[in-house]
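**Student:** what's the 3D shape of this:
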Amino acid sequence: TSMPSVDGRRMLIPASWRGRATATWMFAWRWIDKHLWRRVWHHLRIYGILSRHRERAACVPVRTSNSGQLEVLLIESASKKGVFVFPGGGVDAGESAEVAAARELLEEAGVVGKPHTTLGSFVDEENRTHTTSFVVWVSEVLPTWEESHRNRQWFAVNGLKAVVSGKPSHQFILERFLEHTAPCTKSPSG
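**Tutor:** Numbering: from 1, shown residues only. Next comes the predicted model:
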């Protein structure tokens, strides 16, 4: 008999486990493989064994309301209900920060836009991340999107301080955005 395998890798299964328990073992192997490596990578990054910071991109999606007011789109935090954050996430291999910001905006908030102004970068030593943030003028709002279980809501610029998460990275992005609102009050199309 041949050895059971997962994704082409041979597994060492005790003889007493072979047979009807093989399916259970294969499920466990996939779960261990996926979740264990995610935790190992997290700990290597957090505890400084890996010297590089993880690259992230975040954005401040904006539009002009019907009354001419500048509005900012925030999404509900994935981990804390009722807390609003700026869309953002990791930069994939071979991807620029601008492309990652647009991709994360589409995935997390269901809106399409192009990065317009770079707000700056923030280094979080605790989580070993380097986040570049952008202002993105929204060109289209989609009715459904990948993470539609997360609420999205438009806020007036003067009401942002009361609702944005207290995390240092979000506070940095908010401060930089408020400093740069004057040059960004006109949309790129006119």
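**Student:** can we go C-alpha only for contacts and neighbour counts from here?
**Tutor:** Will do.
**Student:** just for this structure, where's the confidence low?
**Tutor:** 1-35, 44-51, 182-190 (pLDDT under 70).
**Student:** okay, which residue is most central for it?
**Tutor:** Centroid check for the chain by Cα atoms, centre = their mean gives Gly89 as the closest residue, at 2.4 Å.
**Student:** please enumerate the strands of this protein.
**Tutor:** Per DSSP state E, the chain carries strands over the ranges 5-6, 9-10, 54-64, 70-76, 84-85, 88-90, 111-124, 129-141, 152-156.
**Student:** ok, what's across the strand from the residue nearest to the centre of the chain?
**Tutor:** Ala57 (DSSP bridges).
**Student:** ok, now which ones touch the nearest residue to Pro115 once chain neighbours are set aside?
**Tutor:** Counting by Cα to Cα, 6 or more residues apart in numbering, Val136 is the residue found nearest to Pro115 once chain neighbours are left out, at 4.3 Å. By Cα atoms under 8 Å, 6 or more residues apart in numbering, the contact set of Val136 is 59-62, 113-117.
**Student:** and what of Val111?
**Tutor:** So Val111 contacts 105, 138-142 (Cα under 8 Å, 6+ apart).
**Student:** what's near enough to touch the residue nearest to it when sequence neighbours are not counted?
**Tutor:** Sequence neighbours aside, Val141 is the residue nearest to Val111 in space, at 4.5 Å (criterion: Cα to Cα, 6+ apart). When contacts are counted by Cα under 8 Å, 6+ apart, Val141 touches 110-112.
**Student:** with Ala101 instead?
**Tutor:** Per Cα under 8 Å, 6+ apart, neighbours of Ala101: 57-59, 87-89, 115, 133-134.
**Student:** if you set the cut-off to 10 Å instead, what comes out?
**Tutor:** 56-60, 87-91, 107, 113-115, 132-136 (Cα atoms under 10 Å, 6 or more residues apart in numbering).
**Student:** do the same with Gly159
**Tutor:** 71-72.
**Student:** and the gap between it and Asp92?
**Tutor:** 33 Å (Cα to Cα, to the nearest Å).
**Student:** and Gly68, by the same measure?
**Tutor:** 36 Å.
**Student:** the two: which is more packed in?
**Tutor:** Asp92 (13 against 10; other Cα atoms under 10 Å).
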